[in-house]
Structure formats: structure tokens, C-alpha cells
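Participant: Quick one, what's the 3D model for this:
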Amino acid sequence: MNRSKTRVLLGMSGGVDSSVAGYLLREQGYDVVGVTMKVWPQDCISRAEDKCCGPQAVADARNVAHSLGIPHYVVDEADQFEQTVINYFTSEYQAGRTPNPCVMCNEKLKFGNLWKKAEALGCDFIATGHYAIIEHHDDRAILRKGTDPGKDQSYFMFSLRQRQLLRALTPLGAMHKSQIRQIAHSLGLKVADKADSQEICFVPGNDYKVFLRSHLGEKGFHGGQIYDVKGNLLGEHDGIELFTIGQRKGLPGGSVRPRYVVDLDPETNRVIVGEADDLLCDKFEIDRVNWIAPDLPDENASLTVKIRYSHPGTPATVTPRDGDRASIRLLHPQKAVTPGQAAVIYAGDVVVGGGWICRSEPVGRRANIDRDPAVALA
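Facilitator: Below you'll find the predicted structure:
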């Protein structure tokens, strides 16, 4: 490949990672074009200066692009962000599931809609500052974990299709965060010590309940009742949207042992609570499965599954099913297997595929109560 003739659209968030990615691509001979997505809608209450979707991010990205000598553009994706990320985020909570907006943003926007802009600019690839490794092999790409175990972001990229991976570059994948900051300092970039974002970009203070209240209004919440796993009525709640599996806060007191949300029933708006052991789960299903590896796994494959981004992964057997579904059996039961979250499957450091955790029996231990809210309990 003659990289001097290969144009790359670089998604620039105004942070140190995408900034150094631009430098590395330029040094490798690529013709780099920086693009920052404006994704904050006019009613977004988190348009703070330090947000990756805020005005300061655009200014930081523009300054870095100028320092690197690459052109920079701003693309207004606010409407698409509202439709594909924020609406998904709120509707998942209303359905009693816990969303993962970063996965959706990667699939639909960063490696999705942004491709139209890349084509318009004559770009052959889209590059980002993700800590993941993408290997191109003829007509197939392999996605691997990033080298820095504390920063690996391959989990958030599991839903990318082959056509997206084949035109994607992640120059930071084989590097550690400390190296990135060193390079940024050596270049004199003002973002060298800029703090990493530790929260969802459109949720202020990482308090999703505040965001839901402002976005949905009080009429958007579905109140109901709280039961324990034995079917005892414990109290009422103001909205199933305010709970997620594994949660402790906001539950009725009076128990000797800590109580946790172990399940949610979106059909009756019931919140079901139990003890820590009631959170354990060793089998579940995923849907909308995306297989990245060329061959589907068999029951003898040595695999691990991450049930959320912060999860270290655990050995599992994976059985593909019809209809883009798969059954997963964990060798060691795990706590808080949460509907709506992604379960990502690995063979060593290679992402085999992944899907979205379904609400199926059993997730935790369902309360032994009648699902018909019209039926009174004894």
C-alpha cells in the first residue's frame, strides 16, 4: 500500500488519544483529514466545557489539527445522535434494560454515518483513537484486544461488521496510555494532560437518572411495586427506569442483609430484589449476534465472555442458535448478568463476536409471583 496516497478520515474528539493517533498516522505516511462530530442536541444539559461532545472539544481538536498540519472539519450529527443513541438510551431503560450507548455510537455513527463524510472527502479509511487492534487480511479483518489491559476498548467494537472493520484503522491498539501521553508532551500538544472521560458523554455527572428526568419528563416514568424473590410485597417505586440489575440504592430497608435488584419485569413494572446470591447466573441468551471470526464457535472452543465492559471475562461455552441468537453457559456463575448489556466473546485476545443479553429465564432468580398485576397476592 502506498500510504502517501491513502487518505484517512480521523475522528477527533479533542482528547489526547485521537490527537496522538493523528500524529502517528501522519508519520506513517497517510494523508490525514481530521473530523469532529458535533453531537450535542440543543436541549442536551451536559454541554459542559469538558465533554467530548461539547464546544471545547471542537476547539481542542481544531487546535491539534492545526499543530499537526492537517485539515479539520466539524460534522453536525446532532439529529442522528438523538435518534440512534439518545432515543435508544432512554427506550432501553423504559423497557427494563440497561443500555450501552458507546457500542451504538461506534456502530451507527463513528463507523457508520461518518463513512458518507469520508467518501465525500475521498478517504479510504476511518481512524479513531480506540485502544483495540484491527488486522487486515485480504478480504477479512480480525479484531483483537488492545495491548494496554487497562484501556482495551475492543468490547465497544464487537458489533462492527466486516465492511466497517476492513476500512477502519486504530493506530493506538498496540500502545499503552503512558506512551500516548509521552508523545503528546514531546509534540507540545495542549491536550497532553487532558483527563480521560470516565462517563457517558451526554450524561452530566454520570447520573443517568437526572438525564432521564430532564429528557423524558415525569410522565415518561413507569411506577410499580417492589417484591422480594419470595413474592413478598416490599413497597412501591416511581419508575422502573430508575433501576438496574445489581443496584442497591433506592430499595426499601428493614433487611438484615443487603438487598439488590435481581430482576426487572417491564410487563408489570415490578422491581424484584434479593440477596447477593440471587444475582448469580450461569446461563443466558444473546440476540442480534455479530460474528466477526470466520468460523462459528463450537462447544469445545476455549472461550471467555465479558458481560460488561468492566468485567474481566470468564470461561464459557457458546452455542450459536437460529435467528442471530446464541446460548451462553458460564463455567463459573457471575453476578448481575444484565439484560440490555453486551456480552462479548473472546478466543484469547481475538474478538469472536458478541450480542445483547436477553431477558430470559432465569436471569437471577425470578420472584415467585403472578405476572398479572390484577391478581392480588395472598
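
Participant: How many neighbouring residues does D322 have?
Facilitator: 5 (other C-beta atoms under 10 Å). From N, CA and C alone the C-beta is placed, and that goes for glycine too.

Participant: Repeat that for N269.
Facilitator: 19.

Participant: residues in contact with it?
Facilitator: With contact taken as C-beta atoms under 8 Å, 6 or more residues apart in numbering, N269 is in contact with 222-225, 240, 373.

Participant: got a winner among these for most neighbours?
Facilitator: Of the contacts of N269, with other C-beta under 10 Å as the count, I240 tops at 22 neighbours.

Participant: these two touch, right, that residue and G96?
Facilitator: Yes. Contact status for I240 versus G96: in contact at 5.4 Å, counting by C-beta atoms under 8 Å.

Participant: any common contacting residues for the two?
Facilitator: 264, 266.

Participant: distance of the closest residue to L216 other than its chain neighbours from P99?
Facilitator: Closest residue in space to L216, ignoring its immediate chain neighbours: T90 at 5.9 Å, by C-beta to C-beta, 6 or more residues apart in numbering. Distance from T90 to P99, counting by C-beta to C-beta, to the nearest Å: 8 Å.

Participant: Of these two, give the one with the bigger neighbour count.
Facilitator: Higher neighbour count among T90 and P99: P99, with 22 against 18, using other C-beta under 10 Å.

Participant: residues contacting the more buried one?
Facilitator: 88-89, 92-93, 340.

Participant: Which members of those are positioned in helices?
Facilitator: Members of the contacts of P99 lying in helices (criterion: DSSP state H): 88-89, 92-93.

Participant: Of those residues, which is the most crowded?
Facilitator: Within these, Y93 tops the neighbour count with 27 neighbours, counted by other C-beta under 10 Å.

Participant: isn't it right next to F221, touching?
Facilitator: No. With contacts counted by C-beta under 8 Å, Y93 stays clear of F221, the gap being 9.4 Å.

Participant: Name the residues contacting each of these two.
Facilitator: Common neighbours of Y93 and F221 (C-beta under 8 Å, 6+ apart) are 212, 240-241.

Participant: Would you check those residues and say which has the weakest pLDDT?
Facilitator: On pLDDT alone, L212 ranks lowest of those, at 90.

Participant: Excluding chain neighbours, give the residue nearest to that residue in space.
Facilitator: For L212, ignoring the flanking residues on the chain, the nearest one in space by C-beta to C-beta, 6+ apart is E241 at 5.6 Å.

Participant: what about that neighbour, which SS state?
Facilitator: helix (DSSP: H, G, I helix; E, B strand; the rest coil).

Participant: thought it was touching K219?
Facilitator: No. In this structure, E241 is not within contact of K219 by C-beta under 8 Å, at 11.8 Å.
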